[in-house]
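In: coordinates only, sequence not included:
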C-alpha cells in the first residue's frame, strides 16, 4: 500500500517510503540492515572496498582505530551480503574502488539482484582520498563523470554519495545529474552546525535528480526540515544506534503525514526565505515586491509569464475555483498547513480534501519547473 501512497520510482526500483539507512563503513552490513532496517524504504550497506588499493587503505584505517570492511574476494563478499540481507525495502550497496573495472563488475552483480549501486564519493579519510576514491572523486569531475557514464551502461540504478561544503556543491550536483546518475545522496555536513539545510535547498534549485538528504536526522522534526528543502528521501545513520526504533517511528510519522496532506516533502513558502523553487506553487499573484520575483527570474520568466503559466494550469482543475480568496483562485493559495479560512472555506464548498489540494499543488510545481524558459539544471 505504501508503494502507491508515496509513488517513488527510480529505474527498476520502487520505494515503499522515503526513509533510508545510510552506510557506515565497518558497521552497516547485512546483519545491521536486517536488524535495524526492516521497514526502511531503502537500506544502503557498505562501504565495501572492491580492489587491492582500497582494501590496503582500509587496513591502514583499521590500524588507526577505524572500522572498515575488508575482503580477499570482494565480489563473492558482495553476493553473500546481498543474499544475507533480509529487509522489506530496497537494498543499495555503497562501494569504493581506485579503478573503474571492479565497479563495473560489481554493478552487474548488484543490477541482477535488483539492488542499487552507490558510488562512494564521500569518504574523507586521507588514505582513501590519496588513491582517488571518496572525496578524491569530487575533486576530479571529469573522472567522476566518466565513471558514472560507464557504470550506467551496465543498466544498474546508480546513486552517488557526496559530502556538501567540500567543493562547489551546485557544480558537482549538476555534473552528477548530467552524467546520468539516478540518485544523489548528500551528506549535508556543516562543521559544528548539524545539517546544512541551505546547501540542500541550493542543490534542489539547481537539479531535478532524485535526492536523499543525510546528516543529523534524529527525529521526525529533523526529517521534515530536510524534506521541506527538497529531498525526496532522508537517510539516518548513527541515530539508529541510539534509538533502534527510529526507522519505524519515522516511517509511521511520514506515512501519517502523507495520508493527511498528500505531499510529504512539500516546500517551505518562498516568502519566508527558505522555500526552494517548488514553492512557487504556493506563491501569491506577483504584484508586490517579494522574494517570488527572484525565483521567477531564475526560471527565465517574467511576472506576467509566471501568472499566465499558473492560470493555464488551473484551467479545468479545481484550482480554478476560489472567487472569495485573496486573488480569486486557489492557484494562488498557500500551503495547507498555513491557516486560512478563505481557502478552507472554498475547499469545503467544492469538497476538495486537503490531501487532494496538496496533490494538485504538487502537480502545479512540476508543471512550472517543466515549462520554465531556463531549465533548473541550466541556471
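Out: Done, it's in. None of these values were measured; they are calculated from a predicted model.

In: Report how many residues lie close to residue 370.
Out: Here the number of neighbours of residue 370 (other CB atoms under 10 Å) works out to 10. Backbone N, C-alpha and C define where each C-beta goes, glycine included.

In: tell me the phi and psi of the closest residue to residue 26 other than its chain neighbours?
Out: Computed as CB to CB, 6 or more residues apart in numbering, the closest residue to residue 26 that is not its neighbour in sequence is residue 67, at 2.6 Å. Note on residue 67: backbone dihedrals following degrees, to the nearest 10 are phi -100, psi 140.

In: wait, residue 67 sits on residue 28?
Out: No. In this structure, residue 67 is not within contact of residue 28 by CB atoms under 8 Å, at 10.0 Å.

In: and the end-to-end length of stretch 231-239?
Out: Start-to-end span of stretch 231-239 (CA to CA, to the nearest Å) is 19 Å.

In: For that stretch, what is the distance to the chain centroid?
Out: 9 Å (CA atoms, centre = their mean, to the nearest Å).

In: Equivalent analysis for stretch 214-224, please.
Out: Relative to its chain's centre, stretch 214-224 lies at 13 Å (CA atoms, centre = their mean).

In: That one: end-to-end distance?
Out: Rule used - CA to CA; the end-to-end distance of stretch 214-224 is 12 Å.

In: Show residues contacting it.
Out: The contact list for stretch 214-224 (CB atoms under 8 Å, 6 or more residues apart in numbering) reads 19, 22, 185-189, 194-196, 226, 234-237, 239, 242-243, 246, 249-250, 253-254, 257.

In: what's the answer for stretch 299-308, then?
Out: 277, 280, 285-287, 292-293, 296, 309, 368-369, 372-374, 376, 379.

In: Swap in 6 Å and give it another go.
Out: Stretch 299-308 has contacts (CB atoms under 6 Å, 6 or more residues apart in numbering) with 286, 296, 372-374.

In: Also stretch 48-56?
Out: Here stretch 48-56 has contacts from 58, 69-70, 74, 95-98, 102, 106, 131, using CB under 6 Å, 6+ apart.

In: In what element of secondary structure is the residue lying closest to residue 317 once chain neighbours are set aside found?
Out: The spatially closest residue to residue 317, leaving aside those adjacent along the chain, is residue 360, at 6.1 Å (CB to CB, 6+ apart). Using DSSP states H and E, the element containing residue 360 is helix 354-370.

In: so how far is that helix from its chain's centroid?
Out: Counting by CA atoms, centre = their mean, helix 354-370 comes out at 18 Å from the chain centroid.

In: Could I have the buried ones of the contacts of stretch 214-224 as ChimeraX selection syntax?
Out: A single ChimeraX command selects the buried members of the contacts of stretch 214-224 (16 or more other CB atoms under 10 Å):
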select :19,22,185,186,187,188,189,195,196,226,234,235,236,237,239,246,250,253,254,257
